[in-house]
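> Quick one, fold the following:
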Amino acid sequence: LQKVKNDLEMVLSTVRSKNKQLEDDLKREQQWYEEQKQILETLNKMEEEANTEVEHPSTKRELNELKNKILNLKNYKKELLSALGEFLDEHFPFPEESENIYKKIKSSCFVNFLNLILLVFQMLINTLMTTPHEPYITINESFWPPYIELLLRYGMALRHPEDPNRMRLQAYHK
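Numbering: from 1, shown residues only. As a prediction, this is how the structure comes out:
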C-alpha cells in the first residue's frame, strides 16, 4: 500500500505539473489569439477604408473634368507665353552684340528669358530662406540690367537702402 501510495503521489505531481504546463500554454495561446484578433480587426478596418476610397463613377467623371481643365489651362498658358514672348521681343531685346545669335534662336528667346528670371528668383528665394536676417544678393555683371530693372520696376524685388548693387525679394508675406 505504501508503494502504491508513493506511486500515486508521483503520478499526481506529474499530472499537476503537466496541468500547470498546459495552463501556461493555454494562456500563451489565448494571448496569441487576442493579438491575431486585433490584427484581423485592424486589417478589416484598413480594407474598409480602402474600399471607400475606391473611385466611384462620379469621381472618375470629376477626374476627367479636371484633366480637361488642365488641358485648357496648358493651352491658355501657351497662348500667354507666346504673347509675352512677342512683348519681350518688342520691349526688351537682347543686347546688340548678340543680335545675330538672337535672330537664330528667336523661338527660344522667351524660354531663355524665363530661365534667367527664374534663376534670379531662385537665388532670391534661396537667400531669403537660408539667411532670413540678410536676404540680399549682390547684383553683378552676370545679371542683365533690363531683367533687374523689370523686377525692381514691378515691385518684385527691392534694392538695399545703402548699397545699390544688392537687392532682395519683396516681402509679400507682411
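> Can you check what pLDDT the model gives the residue lying closest to residue 160 once chain neighbours are set aside?
Leaving aside its chain neighbours, residue 160 sits nearest to residue 166 (3.8 Å; criterion: C-beta to C-beta, 6 or more residues apart in numbering). Every C-beta, even on glycine, is put in place using the N, C-alpha and C of the backbone. With respect to pLDDT, residue 166 scores 92.
> so what's the backbone phi/psi at residue 166?
phi -130, psi 150 (degrees, to the nearest 10).
> now swap in residue 158 and tell me
The phi/psi pair for residue 158 (degrees, to the nearest 10) is phi -130, psi 140.
> Write down the beta-bridge partners of the residue nearest to residue 160, one by one.
When bridges are called by DSSP bridges, residue 166 pairs up with residue 138.
> For it, which residues are in contact?
Listed by C-beta atoms under 8 Å, 6 or more residues apart in numbering, the contact set of residue 166 reads 136-139, 159-160.
> okay if I get these as TSV plus neighbour count and pLDDT?
Formatted as TSV, the contacts of residue 166 follow (neighbours: other C-beta atoms under 10 Å; pLDDT from 0 to 100):
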residue	neighbour count	pLDDT
136	19	92
137	20	90
138	11	90
139	19	88
159	15	92
160	15	91
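> Could you single out the nearest of those to residue 77?
For these, the residue nearest residue 77 by C-beta to C-beta is residue 137; the value is 28.4 Å.
> And what about residue 155, helix, strand or coil?
Following DSSP: H, G, I helix; E, B strand; the rest coil, we place residue 155 in the coil state.
> Touching, it and residue 170? I think so.
Yes: assessed by C-beta atoms under 8 Å, residue 155 is found in contact with residue 170 at 5.7 Å.
> Show me how far stretch 121-131 is from its chain's centre.
Taking C-alpha atoms, centre = their mean, to the nearest Å, the mean C-alpha location of stretch 121-131 is offset from the chain mean by 19 Å.
> Can you mark which positions in stretch 162-169 are buried?
Across stretch 162-169, burial judged by 16 or more other C-beta atoms under 10 Å covers 166-169.
> Give me the next element, helix or strand, following the helix or strand bottoming out on mean pLDDT in the chain.
For the chain, the helix or strand with the lowest mean confidence is helix 99-104, at a mean of 51 (criterion: mean pLDDT, DSSP states H and E). Under the assignment DSSP states H and E, the closest C-terminal helix or strand after helix 99-104 is helix 109-130.
> Great, nothing more from me.
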